[in-house]
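**Student:** This is a predicted model, with the sequence first.
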Amino acid sequence: MKALFLFLSLIFAPYVRESISLNGEWAAIIDQYDIGLNKRLFTDANARGKTDFVEYSWEGGLRLQVPGDWNHQDPGLWWYEGTLWYARHFQVTISPGTRRILYFAGVSHRCEVFLNGIKVADHEGAFTPFQADVTDLLLEGDNFLAVRVNNNRRKDAIPAMSFDWWNYGGITRDVMLLEVPSPYIEDSFIRLRKGTHNTILADIRLSEALAGFEVTITIPELKIRKTVKTDDSGQARAEIKAKKLQLWAPLAPKCYDITISAGDDTVTERIGFREIDVDGTRILVNGNPVFLKCISFHEEIPMEKRRACSEADAHILVDAALELGCNAIRLAHYPQNEYIVRYAEEKGLLIWEEIPLWQGIDFSNEDTYHKAETYLYEMIARDRNRCAIGLWSISNETRPAPDRDAFLSRLLSYGRSLDDSRLFASAFDVAYYIPSADEFQMKDDFAGQLDVIGINKYMGWYAPWPKPAPELRWNVFPDKPLVISEFGCEAKAGTFGNTDVASSWSEDYQAALYRDNLTMFQNIPNLAGVSPWILFDFLSPYRQHPANQSFFNRKGVLSDKGEKKKAWYIMNDYYRP
Ligand code: GCB
């Protein structure tokens, strides 16, 4: 049997497998001049004897918590951009016949990983995981792990030289050492068969190309048990009719415990099933039109000025979106940690997930293109079994130009080849009011290839209102679903005053602007959802006003302390059924 889809090589379901956590306290050395490789910081050398001149030590220095950005853990690192080394020891008991996979859920932005002095991985891209099979390098007993981390902004990177959020550095997500039998279930894609509501398709691949290997899928709640055999590439497909399958839907989440076993490997994951599609200008979930009541947030706990990294942090962010009345979230502007995605799915929030292809990208650079493909691949590999994810977004605020159009078209085809069960979108900031036509229009040769058009529009903040809101008409990709993927303005919580003056930074100005936007939205015939910018005030070096911002972007409907601004109540009214 030939598989009809691409298998992806990040281990399936790392969070539910047996593992040793390598979170906790790590030793750290700041390496501002990037000389650590020459000094061999990847070894745990100690000077012994008269002529041994080791000029560093992993003992007695800085200590950092993993997961966690380095910025908030030491005042000297708040603004730091550069290289920093992490290291730790850990103990292992070797079990013959098993494999060990070192898994990093996210390191910001690039890193090299050394185990017992030998390089085992390098990775670029702060917001997606990577792994290395280290079975053959592990020692019985003590092992030494060192990671060279660098968070410099670079012209050819994604994101590139500047972006409107804090450039946190470090090992910002979990690190674990997984123990799996051999062979193990390396990849698995479980979803509804396209066009049906009662047929489950499960594609499974083993870590080795073993033919005739039995793979069993059980779903006890549905009384399903099906065994299939692998082909000579170690792959198997099961197509399962499920009579009483209850589908997952926004705010009506239903997932099942699904167990996949192959040889000695058994994995039980929570998996849900849903269909997402477009019909003209509407987004359909399981055949029913859904208007996206969405909100964006960054992976940040603003109250503590740090990146979000734990299950408890995920609850803070997702619960705040639920309290606002949302049925969807936009993970701005990058894949956020798995705790957020899993908890949102459990709570029934449809997810718009995106890669950080945010303004200022070097579209004519072939290396940058390959980085974009890698990002998309890793995001989809990590999350394609999460039914809550309805939209993959591939870019934010890019300007039409031949090199950009070619780059995004190519990237979109690549994305569609990885997953044909979801919608593809992008957010644009090139919809303008055209006085001669007396309407909003947008010219973009690429955008028409997408399923859903996102429009970021800051009426009343970056752009003045050309006419009163009720009179503004929209004619932007009228045949496709359009989501207002950003709107809003800055307001300092606790500041009240004139509703007409943007420079008042008042909650009242923000509230009036929200009301006007909601009025204008009534004149967008193809509107399929809205997503205010943003849930919480967030940190950004862009935001330099000493009194009003102090490096916070103040467009939150909640302040950095979690206080509700007036705009919060307006959105809550709009979203309440
Ligand atoms: C945008 C960007 C977002 C910014 C926001 C702003 O259009 O997509 O990342 O933070 O505007 O506040 O200016």
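**Tutor:** Received the coordinates, thanks.

**Student:** who's the nearest residue to residue 451 once chain neighbours are set aside bridged to?
**Tutor:** Sequence neighbours aside, residue 423 is the residue nearest to residue 451 in space, at 4.1 Å (criterion: Cβ to Cβ, 6 or more residues apart in numbering). To be clear about C-beta, it is placed using only N, CA and C from the backbone, and glycine gets the same treatment. Here residue 423 sits in beta bridges with residue 391, going by DSSP bridges.

**Student:** Count the residues that sit near residue 423.
**Tutor:** 18 (other Cβ atoms under 10 Å).

**Student:** mind listing what's buried in the helix or strand hosting residue 517?
**Tutor:** Using DSSP states H and E, residue 517 maps to helix 507-521. Neighbour-count burial for helix 507-521, counted by 16 or more other Cβ atoms under 10 Å, picks out 507-518, 520-521.

**Student:** Over to stretch 190-208?
**Tutor:** Here stretch 190-208 shows 190, 191, 192, 193, 200, 201, 202, 203, 204, 205, 206, 207 as buried, counting by 16+ other Cβ under 10 Å.

**Student:** which SSE is the closest residue to residue 268 other than its chain neighbours in?
**Tutor:** In space, and not counting its chain neighbours, residue 268 is closest to residue 259: 4.5 Å by Cβ to Cβ, 6+ apart. Secondary structure assignment for residue 259, by DSSP H and E: strand 255-262.

**Student:** buried stuff in that strand?
**Tutor:** Those would be 255, 256, 258, 260, 261, 262, for strand 255-262 by 16+ other Cβ under 10 Å.

**Student:** Give the full set of residues in contact with the residue of the stretch 51-200 of the chain found nearest the ligand.
**Tutor:** Proximity of the stretch 51-200 of the chain to the ligand (Cβ to the nearest ligand atom) peaks at residue 164, 3.6 Å away. Contacts for residue 164 (Cβ atoms under 8 Å, 6 or more residues apart in numbering) come out as 358, 540, 542, 543, 553.

**Student:** Enumerate every residue touching the last one.
**Tutor:** Right, residue 553. Contacts of residue 553 by Cβ under 8 Å, 6+ apart are 164, 165, 490, 534, 537, 538, 539, 540, 542, 543.

**Student:** So which of those are in strands?
**Tutor:** Of those, the ones assigned to strands by DSSP state E are 538, 539.

**Student:** okay, the contacts of residue 553 in JSON lines with pLDDT next?
**Tutor:** Shown next, in JSON lines, are the contacts of residue 553 (pLDDT from 0 to 100):
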{"residue": "164", "pLDDT": "98"}
{"residue": "165", "pLDDT": "98"}
{"residue": "490", "pLDDT": "98"}
{"residue": "534", "pLDDT": "98"}
{"residue": "537", "pLDDT": "98"}
{"residue": "538", "pLDDT": "98"}
{"residue": "539", "pLDDT": "98"}
{"residue": "540", "pLDDT": "98"}
{"residue": "542", "pLDDT": "97"}
{"residue": "543", "pLDDT": "98"}
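
**Student:** List just the nearest of the contacts of residue 553 to the ligand.
**Tutor:** For these, the nearest to the ligand is residue 164 (3.6 Å; Cβ to the nearest ligand atom).

**Student:** What residues does the stretch 51-200 of the chain have near the ligand?
**Tutor:** Counting by Cβ under 6 Å from any ligand atom, the stretch 51-200 of the chain comes close to the ligand at residue 164.

**Student:** How far does the strand holding residue 259 sit from its chain's centre?
**Tutor:** 24 Å (Cα atoms, centre = their mean, to the nearest Å).

**Student:** Tell me which strands the next helix or strand after it pairs with, and in which orientation.
**Tutor:** Next along the chain after strand 255-262, taking DSSP H and E as the criterion, comes strand 265-272. Its sheet considered, strand 265-272 pairs with strand 255-262 (antiparallel) by DSSP bridges.

**Student:** The stretch 1-150 of the chain: helices as residue ranges?
**Tutor:** 36-39 (DSSP state H, counting those that start in this stretch).

**Student:** State the pLDDT value of residue 7.
**Tutor:** Here the pLDDT value assigned to residue 7 is 73.

**Student:** Over to residue 502?
**Tutor:** On pLDDT, residue 502 comes in at 86.

**Student:** Also residue 53?
**Tutor:** Looking at residue 53, the pLDDT reads 84.

**Student:** so it makes contact with residue 47?
**Tutor:** Yes: the pair formed by residue 53 and residue 47 meets the contact definition of Cβ atoms under 8 Å, at 6.7 Å.

**Student:** ok, the two, which is more surrounded?
**Tutor:** Higher neighbour count among residue 53 and residue 47: residue 47, with 12 against 6, using other Cβ under 10 Å.

**Student:** before we move on, the earlier item: tell me the helix or strand right after the helix holding residue 517.
**Tutor:** strand 527-530.

**Student:** Now do that following strand: which elements does it pack against?
**Tutor:** On a contact count with 3 or more Cβ pairs under 8 Å, 6 or more residues apart in numbering; DSSP states H and E, strand 527-530 meets strand 282-285, strand 292-297, strand 482-486.

**Student:** At which residues are the strands of the stretch 251-400 of the chain located?
**Tutor:** With DSSP state E, counting those that start in this stretch as the criterion, the stretch 251-400 of the chain has strands at 255-262, 265-272, 276-279, 282-285, 288-289, 292-297, 300-301, 306-307, 328-331, 350-354, 389-396.
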